[in-house]
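Enquirer: need a structure here:
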Amino acid sequence: MGEKIIGYFGIIPTKVHWENKLKDAFWWIDLIVSKEYRGKGYQSIVDDYIRNRPEIKLGFPNKFAAKIHKKHNWRIFDHLKIMLFPIKPSKSSIVDEKSSLFGAILNILVIPLVHVRKHKSPRWSYIDIHPKFDEYAQLFKSTRSGQVTIKKDLDFFKWRYLDSPYSHEYEYYFCHKSIETQIALILRKVQTDQGLNIRILDMFGSLKDSAAVKDMIKLVISDAIKFGANQITIMESNKLLQKILFSMGFIFFTKARFCYYKEGRKNIRIQPIMRWTLSDSDNDFLD
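Expert: Numbers count the residues shown, from 1 in each chain. Predicted structure coming up:
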């Protein structure tokens, strides 16, 4: 307003696999308008600017932003979940706003679950000490199966992980059940005031093989317990994988949302098969 800054927003350029084509896109993040200027139409001005750009627009809105996006003809999907495996509930984010008694009760309930998972040994999965990102990129490409998701080639893996300021916090896991069945998983070990938290940032490959997925998750859970972590979190958009994770102890979850805007697709009836993870956009900030 004049030369006074009353708000800001950010975008993260990307490429997205869309209808079997690779198209320009960006993540729309962090739209903030100063409190005294809210409700005066400034957000709509920004929204119009964003929607009029030629790229496909992507985002992970909260429930309030989702309502606004819906009014502006964005497509909203609310089947994503942030799922949590509790290891030390009293130090977990699930009791941040609860009482200490609640945390103590959860500790008692979760101890048997943690004890069982601590002694589960994988059959085909292992820590990938020297990950080969070119092989990760090829695995992603060969198993994407037409899903709507961002481009993850060798340059992406180098940029997202190798060149990241948090590169020392990443651990890489691999499941090699057979030549046809392989899964890669990338997690981040985050130190907080309450202790260590584990975030599963990405998991890709032969995810339709539930035995391989379970074998991989068993190892991650077992290692997280050995690391002394408080919890493991993952964002999962696939409903079948959500069921598998729940059955393995990811018993706490909250709803997450995805939205997109693309000219000419406002009245699309068929929901595209999508794949989104904590490695996308600016999702990697959860406690």
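Enquirer: Now do the contacts for Pro50.
Expert: Wrong residue type there; residue 50 is Ile, not Pro. Going by Cβ atoms under 8 Å, 6 or more residues apart in numbering, Ile50 touches 9, 11, 28, 57, 261. In this view, the C-beta of every residue, glycine as well, is placed from N, C-alpha and C.
Enquirer: what's the answer for Leu278, then?
Expert: Per Cβ under 8 Å, 6+ apart, neighbours of Leu278: 199-202, 233-235, 284, 286.
Enquirer: Test for you: state the pLDDT assigned to it.
Expert: In this model, Leu278 is scored at 96, pLDDT.
Enquirer: What count of nearby residues applies to Leu84?
Expert: Residues near Leu84, counting by other Cβ atoms under 10 Å, number 24.
Enquirer: Can you tell me how far the spatially closest residue to it that is not a sequence neighbour is from Ile234?
Expert: Residue nearest to Leu84 in three dimensions, not counting chain neighbours: Phe252, with 4.3 Å by Cβ to Cβ, 6 or more residues apart in numbering. Distance of Phe252 to Ile234, computed by Cβ to Cβ, to the nearest Å: 11 Å.
Enquirer: who has more neighbours, the two?
Expert: Ile234 (27 against 19).
Enquirer: Where is pLDDT lowest across the contacts of Ile50?
Expert: Among those, Phe9 has the weakest pLDDT, 88.
Enquirer: for Gly10, phi and psi?
Expert: phi -130, psi 160 (degrees, to the nearest 10).
Enquirer: just checking, it touches Ile32?
Expert: No: with contact defined as Cβ atoms under 8 Å, Gly10 does not count as touching Ile32 (9.6 Å).
Enquirer: State the pair within the contacts of Leu278 that is farthest apart.
Expert: Asp202 and Leu286 (14.2 Å; Cβ to Cβ).
Enquirer: So between the two, which is more surrounded?
Expert: Counting neighbours by other Cβ under 10 Å for Asp202 and for Leu286 shows that Asp202 has the greater number, 23 against 16.
Enquirer: any chance you could map the strands in the stretch 151-287 of the chain?
Expert: 170-176, 182-192, 195-205, 231-236, 252-261 (DSSP state E, counting those that start in this stretch).
Enquirer: Note down every partner strand of the shortest one and its orientation.
Expert: What that stands for is strand 231-236. strand 75-86 (antiparallel), strand 195-205 (parallel) (DSSP bridges).
Enquirer: Same question for the second one.
Expert: Strands that pair with strand 182-192, judged by DSSP bridges, come out as strand 170-176 (antiparallel), strand 195-205 (antiparallel).
Enquirer: In it, which residues are buried?
Expert: Within strand 182-192, the residues scored as buried using 16 or more other Cβ atoms under 10 Å are 182-190.
Enquirer: go on, the third one?
Expert: By neighbour count, with 16+ other Cβ under 10 Å as the criterion, the buried positions of strand 195-205 are 195-205.
Enquirer: can you give me the mean pLDDT across it?
Expert: Strand 195-205 comes out at a mean pLDDT of 96.
Enquirer: for the fourth one, same thing?
Expert: Averaging pLDDT along strand 231-236 gives 96.
Enquirer: For that strand, give me every contacting residue.
Expert: 80-88, 92-94, 187, 197-200, 203, 220-221, 224, 242, 245, 250, 256, 276-278, 283, 286.
Enquirer: Looking at the strands paired with strand 182-192, which is nearest to Lys214?
Expert: strand 170-176 (9.7 Å).
Enquirer: which residues are in contact with the closest one?
Expert: 122, 124-129, 131, 161, 164, 181-189, 201, 205, 212, 215-216, 219-220, 223.
Enquirer: State the number of residues packed around Gln138.
Expert: Gln138, neighbours per other Cβ under 10 Å, totals 13.
Enquirer: Ser279 - how many residues pack around it?
Expert: By other Cβ under 10 Å, the residues close to Ser279 number 22.
Enquirer: The one helix or strand Ile68 maps to - what's its average pLDDT?
Expert: According to DSSP states H and E, Ile68 maps onto helix 63-71. The predicted model gives helix 63-71 an average pLDDT of 86.
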